[in-house]
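*Asks:* Fold the following for me, if possible:
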Amino acid sequence: MEVTFTKLVEKRAATWEAVRAKRTRVPGTAMALGRGDLPHDLVQIIVEATLGLEKGFWGSVASGATFKSTGRKRTRPGRAVIAANRAAIAEAEGIVGEHHARWRTGAPTPTAARFDELSRLWDGLGDGGQLRVEWPSLRVLGGA
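*Replies:* Residues are numbered from 1 along each chain as shown. Model (predicted):
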């Protein structure tokens, strides 16, 4: 799955769109950005991919989950993915917060190198700039 994050400097926000197998597009929600912050869903993909949390939010999206917050019609199979992964999704949210906080304070975390790399790329984007990554490898597919 490919995920494109778009930086909206003037609006102090970010958006994302995922493209799953069979070219299915999944539009994400707009997220407010604080000064110098990474968007929450970019933080989420960094931690989940680096730690191999395959049934968290991003693994669920890749598996066909249809969350209310995305612009896709909710489907029975999409709801079933969410139901099957509900505990893992909730657990991942806490793990993401913990590792993001550790990285921001300079405490050791196995996610630090990926945070450093993607934060540097994100910080270099201008208004409307995009960062495209592959799930779950986090291979950078583009950024401009």
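*Asks:* quick one, helices of this protein?
*Replies:* Under the criterion DSSP state H, the chain contains helices at 40-51, 57-62, 76-105, 112-123.
*Asks:* Hmm, Leu8 is touching Asp127, no?
*Replies:* Yes - judged on Cβ atoms under 8 Å, Leu8 makes contact with Asp127 at a distance of 6.6 Å. (Glycine included, C-beta is placed from N, CA and C.)
*Asks:* Which of the two has more residues huddled nearby?
*Replies:* Leu8 (16 against 10; other Cβ atoms under 10 Å).
*Asks:* so who does that one touch?
*Replies:* Ala14, Thr15, Ala30, Asp127, Gly128 (Cβ atoms under 8 Å, 6 or more residues apart in numbering).
*Asks:* Let's have the helices of the chain in CSV, adding mean neighbour count.
*Replies:* Shown next, in CSV, are the helices of the chain (neighbours: other Cβ atoms under 10 Å):
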stretch, mean neighbour count
helix 40-51, 22
helix 57-62, 23
helix 76-105, 15
helix 112-123, 16
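*Asks:* For Arg132, find the nearest of the ones you listed.
*Replies:* With respect to Arg132, and counting by Cβ to Cβ, the nearest of these is helix 112-123 at 10.2 Å.
*Asks:* Quick one: distance of the closest one to the chain centre.
*Replies:* Here helix 112-123 is found 13 Å from its chain centre; the criterion is Cα atoms, centre = their mean, to the nearest Å.
*Asks:* What of stretch 21-28?
*Replies:* Stretch 21-28 sits 14 Å away from the centroid of its parent chain (Cα atoms, centre = their mean).
*Asks:* what about the protein, any weak spots by pLDDT?
*Replies:* Residues of the chain meeting the criterion pLDDT under 70: 35-36, 144.
*Asks:* and if we set it to 90?
*Replies:* Residue ranges of the chain with pLDDT under 90: 9-12, 21-23, 29, 33-37, 68-73, 142-144.
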